[in-house]
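A.B. asks: this one's sequence-less:
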């Protein structure tokens, strides 16, 4: 089985302070470290596990600037056979443009696949949309929020989708299909720096994204970036940890839980 | 007809409460509200919609994106294109909305938590709520929106009359994606929804070896240990201890959140706690917006200090 896996290089903003610049027109990411999108890490792992068990090949695909080669090397280190980079300097904010670009690429280059795996969403924009839009354009069945793949057969898969409050639904989906993977589906393997370095020896093909941008026009645009509206917020306990902890224990006593 | 179309999410014969936010956005737009629902026996608040359309399929087929595009096609044929199509920002909402957007080539904005009626701008979260993008639709085409739970319910107004009823039938059976069964997660060793005091840990915990030290702190505090999604995803604690939309919704007397930044899926699961105390080294972490008390500092140092004090 041949699986195409999308992987994206994203800013690791979890513990970083983000600054809006140019009067709201830009978010300054110049000092932020970048990493592989968490969802894509699980998605690559899941695809590699399938081909390790039943044969075939995983190809990692990324849209981005030359730096995105890093996430392709990472996927290869995890077990992907090769990687394709659709090179594009500017970020496409509208997920429909990313999906259309992928669609055009797959059609024009006649890329063979039995399944396309994407992460449910990317950490930066949280649209959760590229997989669904692409599936519909390809007129293929689509399942998102996949938290378990129970069976992989020649012409179909049995998967579990995560719903809310601990509920899941089990679904049969025919191949070829598009699947969006949820975090927690597996335990992604450790990737060493040596492993990534070794992966550099495997060829990654670079395509100029401009060749596939027919009908790639944004349907939505950002006019301004803003900080969230501040509420009253928390009463801060003292900066001195000992004093803060004593006050914290005082609050627990007052609330009657300790 | 000028109208906003809401896709009503029904799971296990329950009309999900978050549908009210989707209806709220249509009310904010001051459009006629049309609600699509599947067959089934469940209660809905009818006085807030103008037209109620029952689609002659079961809930699991209704929420199948491959069937939903046929439903929308029939809807558009019968009533013309809506001014907006609104889904909830949920597991099924994002699946349906993205597939419909690709199928019809409509603009899509997801996880919308605000709308400016004058400027026609949607507010959408970026970078785990640290930044919001103000989006507008650049094409004269029906936008598809998924709305964040809790964002628009305040805009719902009672219409003071009963809605008109219609039905849609003749939806073809879908064979390339089929529902088999619902699966309930395994019951855990402890029911965190019953706990009065939860010590909850998140991504900041860093690595698995740290978990035991928080178990010890929980036992010293007589608290129950729970966690946010990143800890559960790494399988450092069982799924039954997860707080958030895909885990449990909790309302303890005290919720002590350590190393949790506060993604909205987590906030939705704990915001109704009587008292929320957050410990995080990032002063910009969204959780401080919801907490009653906050400590800006390293969670491990706070843990060790608390243990020192409790042991002496």
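C.D. replies: Yes, it's here. On a predicted model such as this, the values are computed, not experimentally measured, just so you know. Residues are numbered from 1 along each chain as shown, chains lettered A, B, ... in the order given.
A.B. asks: residue B:6 is in contact with residue B:22, isn't it?
C.D. replies: Yes. Applying C-beta atoms under 8 Å as the test, residue B:6 and residue B:22 come out as touching, 4.6 Å apart. (C-beta placed from N, C-alpha, C; glycine too.)
A.B. asks: what residues does residue 93 make contact with?
C.D. replies: Defaulting to chain A. A:125, A:218, A:220-222, B:133 (C-beta atoms under 8 Å, 6 or more residues apart in numbering or on different chains).
A.B. asks: try again with chain B
C.D. replies: Neighbouring residues of residue B:93 by C-beta under 8 Å, 6+ apart: B:7, B:9, B:87, B:146.
A.B. asks: how about those in a markdown table, adding neighbour count, secondary structure and pLDDT?
C.D. replies: Compiled in a markdown table, those are given as follows (neighbours: other C-beta atoms under 10 Å in any protein chain shown; DSSP: H, G, I helix; E, B strand; the rest coil; pLDDT from 0 to 100):
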| residue | neighbour count | secondary structure | pLDDT |
| --- | --- | --- | --- |
| B:7 | 29 | strand | 98 |
| B:9 | 26 | coil | 98 |
| B:87 | 28 | strand | 98 |
| B:146 | 28 | strand | 98 |
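A.B. asks: tally of neighbours for the closest residue in space to residue B:139 that isn't next to it in sequence?
C.D. replies: Spatial nearest neighbour of residue B:139, excluding adjacent residues (C-beta to C-beta, 6 or more residues apart in numbering or on different chains): residue A:219 at 5.0 Å. Using other C-beta atoms under 10 Å in any protein chain shown, residue A:219 is surrounded by 21 other residues.
A.B. asks: show the contacting residues for residue A:219.
C.D. replies: Applying C-beta under 8 Å, 6+ apart, the residues near residue A:219 are A:94, A:96-97, B:106-108, B:137-139, B:141.
A.B. asks: just name the lowest-scoring one in these, pLDDT-wise.
C.D. replies: Across those, the bottom pLDDT score, 91, is held by residue B:139.
A.B. asks: correct me, but residue A:80 touches residue A:62?
C.D. replies: No. In this structure, residue A:80 is not within contact of residue A:62 by C-beta under 8 Å, at 11.1 Å.
A.B. asks: joint contacts of those two?
C.D. replies: Here residue A:80 and residue A:62 share the contacting residues residue A:72, scored by C-beta under 8 Å, 6+ apart.
A.B. asks: run through the stretch 51-200 of chain B and note the low-pLDDT ranges.
C.D. replies: Within the stretch 51-200 of chain B, no range satisfies pLDDT under 70.
A.B. asks: what about the strands in it?
C.D. replies: Taking DSSP state E, counting those that start in this stretch, the strands of the stretch 51-200 of chain B run over residues B:51-55, B:84-88, B:108-116, B:121-126, B:131-137, B:144-147, B:164-168, B:177-184, B:197-201.
A.B. asks: how about these, which one is nearest residue A:27?
C.D. replies: Nearest to residue A:27, of all the strands of the stretch 51-200 of chain B, is strand B:131-137, at 5.8 Å by C-beta to C-beta.
A.B. asks: all strands for the stretch 1-150 of chain A, in order.
C.D. replies: Remark: strands assigned in the stretch 1-150 of chain A by DSSP E, counting those that start in this stretch are A:2-6, A:9-11, A:19-21, A:26-28, A:34-36, A:57-64, A:82-87, A:115-119, A:142-152.
A.B. asks: adding mean neighbour count, distance to chain B and mean pLDDT, write these out as TSV.
C.D. replies: As requested, the strands of the stretch 1-150 of chain A are exported to TSV (neighbours: other C-beta atoms under 10 Å in any protein chain shown; distance: least, C-beta to the nearest C-beta, whole Å; pLDDT from 0 to 100):
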stretch	mean neighbour count	distance to chain B	mean pLDDT
strand A:2-6	24	14	98
strand A:9-11	21	8	97
strand A:19-21	14	7	95
strand A:26-28	15	6	95
strand A:34-36	19	13	96
strand A:57-64	24	16	98
strand A:82-87	21	18	97
strand A:115-119	27	10	98
strand A:142-152	21	4	98
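A.B. asks: nearest to residue A:248, of the ones you listed?
C.D. replies: Nearest to residue A:248, of the strands of the stretch 1-150 of chain A and by C-beta to C-beta, is strand A:19-21 at 31.0 Å.
A.B. asks: list the neighbouring strands of the closest one plus their orientation.
C.D. replies: The sheet places strand A:19-21 alongside strand A:26-28 (antiparallel), with pairing taken from DSSP bridges.
A.B. asks: what's in contact with the partner strand?
C.D. replies: The contact list for strand A:26-28 (C-beta under 8 Å, 6+ apart) reads A:18-21, A:225, B:126-127, B:131.
A.B. asks: again, but for stretch A:44-58
C.D. replies: Residues outside stretch A:44-58 that contact it (C-beta under 8 Å, 6+ apart) are A:1-5, A:7, A:60, A:74-75, A:78-82, A:114-115, A:117, A:149, A:152, A:181, A:185-189.
A.B. asks: mind doing that once more with 6 Å?
C.D. replies: Residues outside stretch A:44-58 that contact it (C-beta atoms under 6 Å, 6 or more residues apart in numbering or on different chains): A:1-3, A:5, A:75, A:78-81, A:117, A:152, A:181, A:185-186, A:188.
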